[in-house]
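Asker: need a structure here:
(4 chains, ligands or ions: 4)
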2 protein chains.
Amino acid sequence: MNPAVEDYLKMIYEFESDRKDQYVKNARLAEQFGYTIQSINEMIKRLKGMGLVEYKPYRGVRLTDKGRKEALKLVRAHRIWEVFLSDKLGLPWEALHDEAEKLEHAVSEAVLERLYAFLGRPEYCNHGNPIPDQTGHMAPTYKKSLFSSSVGETVVIKRVVDYKPLLNHLNKLDLSLNDQVRILEKDTFAKLIKVDKNGELITISQTIAETIYVTQD
Amino acid sequence: MNPAVEDYLKMIYEFESDRKDQYVKNARLAEQFGYTIQSINEMIKRLKGMGLVEYKPYRGVRLTDKGRKEALKLVRAHRIWEVFLSDKLGLPWEALHDEAEKLEHAVSEAVLERLYAFLGRPEYCNHGNPIPDQTGHMAPTYKKSLFSSSVGETVVIKRVVDYKPLLNHLNKLDLSLNDQVRILEKDTFAKLIKVDKNGELITISQTIAETIYVTQD
DNA sequence: ATAAAAGATAAGGTCTACCTTAATATATGG
DNA sequence: CCATATATTAAGGTAGACCTTATCTTTTAT
Ligand SMILES: [Mn+2]
Ligand SMILES: [Mn+2]
Ligand SMILES: [Mn+2]
Ligand SMILES: [Mn+2]
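Answerer: Numbering: from 1, shown residues only, chains lettered A, B, ... in the order given. Ligands and ions are numbered 1, 2, ... in the order given. Predicted coordinates for the structure are as follows:
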């Protein structure tokens, strides 16, 4: 298990969590990684040879139990490092991902468990994604989007998509995890939602509001 | 600068610190890394091409200023991670090196500086090696060996060679960094030294005592 | 001075993880 | 039902970082 293999497993895992029980298309992986489809194909064959994925031509790829177990370890390491970088070193949320992307491959399970304990066994990373425990179990994923909320509702931001341009945009809008907002207006034609955060009026496009997940307060 | 290149620079740096202004022999690198001399030769050529080392056939290799600067960054990262792993996660000193060997390559300078501050800008790692600051300056290296001490002297252990079998042996002898010991007896024929630590009698071979560095108390 | 030891170089090989160009197979929607 | 879009496979290439086998050069110690 080297960084390249690990990153493939993690990516496949993340795609699988989006659209449950779907095969992941090689083309999607190619696009996401910025590699050619041929390279993806080669690696998929290697992963298959290692018993980490199941592959059906023209359908796509899917993790085996063994592959999923490995992927979960990586997801776990990634999110634990994010918590460390944020909580202990004070890195802003848009910087966490890239750093964790490297650290996740550089740590033994023994050190990871100690780090996890040191951080107080956090259940979520600083983007609101659940952190699997040693057995692979994790807290629920917030699935209700801000845009799906109704006018008058008061909600709390609990998860955002971990994508740097989005996080930078949220910084500009002055929106952070655990912020409480009240839906003032929702215009499905203009594709906008207006919310109130502590007396501050914030206007958010539908596209952005669909990448923000909330709980009703 | 990738992990392989970084590890070569660090190794050359460490050999250079031992025997000042000496060229490092490719054979020594080969032995230490466990690679063939041919492989070392190839890599040395690459390092030379990158302007990181100066190489004289039959004499050896030496870091350029550029190479030394890079090497120092790695030494710094390595030792800072060791402090983290020991002080915050409680890893025993014999486990620090292997873990730091991976983490040192996985961290940006920005994160490293934050980590350094988080740890309280330590001057020494947990084996007593000085940690260079951002400019490359560092506290002095302890150079007086335990075996060179005289009977009757009371000394404090300030540095040990970071070599796992040695550290395990010191654990068995119940010797740690900052322990205070008094030299009871030194037998240059039997190649032994006997010390008292808090009423406990500890017998140490010359070879081992020469890998332990002390200050006079 | 010279032979043995130490060190360097040459040539060819492997494996990983990427790439390009080109051919081929499948899916599907009009 | 078949054309076009989508997906796959083939073939060959590169660069890094290792390897082995073999030859050649320099140093050094007697
Ligand atoms: Mn990664
Ligand atoms: Mn995250
Ligand atoms: Mn290393
Ligand atoms: Mn150390």
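Asker: which strand or helix spans the residue nearest to A:Gln134 when sequence neighbours are not counted?
Answerer: Spatially, and ignoring its direct neighbours in sequence, A:Gln134 is nearest to A:Glu113 (7.0 Å; CB to CB, 6 or more residues apart in numbering or on different chains). (Each C-beta comes from the backbone N, C-alpha and C, glycine too.) Assessed by DSSP states H and E, A:Glu113 sits inside helix A:109-118.
Asker: again, but for A:Gly90
Answerer: Using DSSP H and E, no helix or strand contains A:Gly90.
Asker: and what of the one 10 residues further on?
Answerer: Of the helices and strands defined by DSSP H and E, A:Ala100 is found in helix A:93-103.
Asker: average pLDDT for that helix?
Answerer: On average, the pLDDT along helix A:93-103 is 97.
Asker: list the contacts for the residue of chain A found nearest ligand 3?
Answerer: Of the residues in chain A, the one nearest ligand 3 is A:Ala106, at a distance of 9.4 Å by CB to the ion. By CB atoms under 8 Å, 6 or more residues apart in numbering or on different chains, the residues touching A:Ala106 are B:Lys102, B:Leu103, B:His105, B:Ala106.
Asker: quick one: secondary structure of it?
Answerer: At A:Ala106, secondary structure determined by DSSP: H, G, I helix; E, B strand; the rest coil is coil.
Asker: report pLDDT for it.
Answerer: 97.
Asker: look up how far B:Glu101 lies from it.
Answerer: A:Ala106 is 9 Å from B:Glu101, where distance means CB to CB, to the nearest Å.
Asker: thinking again about what came up before, can you tell me how far the residue of chain A closest to ligand 3 is from A:Thr207?
Answerer: Counting by CB to CB, the gap from A:Ala106 to A:Thr207 is 35 Å.
Asker: would you agree A:Val181 falls within a strand?
Answerer: Yes: counting by three-state DSSP, A:Val181 is located in a strand.
Asker: near the closest residue to it other than its chain neighbours, how many other residues are there?
Answerer: Nearest residue to A:Val181 in three dimensions, chain neighbours excluded: A:Val195, at 4.1 Å (CB to CB, 6+ apart). Counted with other CB atoms under 10 Å in any protein chain shown, the neighbours of A:Val195 add up to 28.
Asker: could I get the phi/psi values of A:Val195?
Answerer: Dihedral angles of A:Val195 (phi, psi; degrees, to the nearest 10) stand at phi -130, psi 160.
Asker: my guess is it contacts A:Ile202, does it?
Answerer: Yes: using CB atoms under 8 Å, A:Val195 is in contact with A:Ile202, at 5.2 Å.
Asker: what is in contact with these two at once?
Answerer: Common contacts of A:Val195 and A:Ile202 (CB under 8 Å, 6+ apart): A:Val181.
Asker: quick check: A:Lys56 vs DNA strand C, distance?
Answerer: A:Lys56 sits 9 Å away from DNA strand C, going by CB to the nearest atom of the strand, to the nearest Å.
Asker: repeat that for A:Ala27.
Answerer: 12 Å.
Asker: for that residue, which three-state class applies?
Answerer: Using three-state DSSP, the three-state assignment for A:Ala27 comes out as helix.
Asker: what's near enough to touch the residue in chain A that ligand 1 sits nearest to?
Answerer: Ranked by CB to the ion, the top residue of chain A for proximity to ligand 1 is A:Glu101, at 4.0 Å. The contact partners of A:Glu101, by CB under 8 Å, 6+ apart, come to A:Asp7, A:His78.
Asker: same question for the one 10 residues further on.
Answerer: By CB under 8 Å, 6+ apart, the residues touching A:Val111 are B:Leu85, B:Leu89, B:Leu91, B:Glu99.
Asker: one more time with 7 Å
Answerer: Applying CB atoms under 7 Å, 6 or more residues apart in numbering or on different chains, we find A:Val111 in contact with B:Leu85, B:Leu89, B:Glu99.
Asker: can you tell me which of those residues is nearest DNA strand C?
Answerer: Closest approach between those and DNA strand C, by CB to the nearest atom of the strand: B:Glu99, at 21.4 Å.
Asker: hang on, the earlier thing: and the residue of chain A closest to ligand 3, how far is that from DNA strand C?
Answerer: 15 Å.
Asker: so A:His78 sits right up against A:Lys102, yeah?
Answerer: No: A:His78 lies out of contact with A:Lys102 (CB atoms under 7 Å); the separation is 10.0 Å.
Asker: contacts only, for the closest residue to A:Lys197 other than its chain neighbours.
Answerer: Nearest residue to A:Lys197 in three dimensions, chain neighbours excluded: A:Val181, at 4.7 Å (CB to CB, 6+ apart). Residues in contact with A:Val181 (CB under 7 Å, 6+ apart) are A:Val155, A:Val195, A:Asp196, A:Lys197.
Asker: in JSON lines, list these along with pLDDT and secondary structure.
Answerer: JSON lines is the format used below for those (pLDDT from 0 to 100; DSSP: H, G, I helix; E, B strand; the rest coil):
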{"residue": "A:Val155", "pLDDT": "97", "secondary structure": "strand"}
{"residue": "A:Val195", "pLDDT": "97", "secondary structure": "strand"}
{"residue": "A:Asp196", "pLDDT": "97", "secondary structure": "strand"}
{"residue": "A:Lys197", "pLDDT": "96", "secondary structure": "strand"}
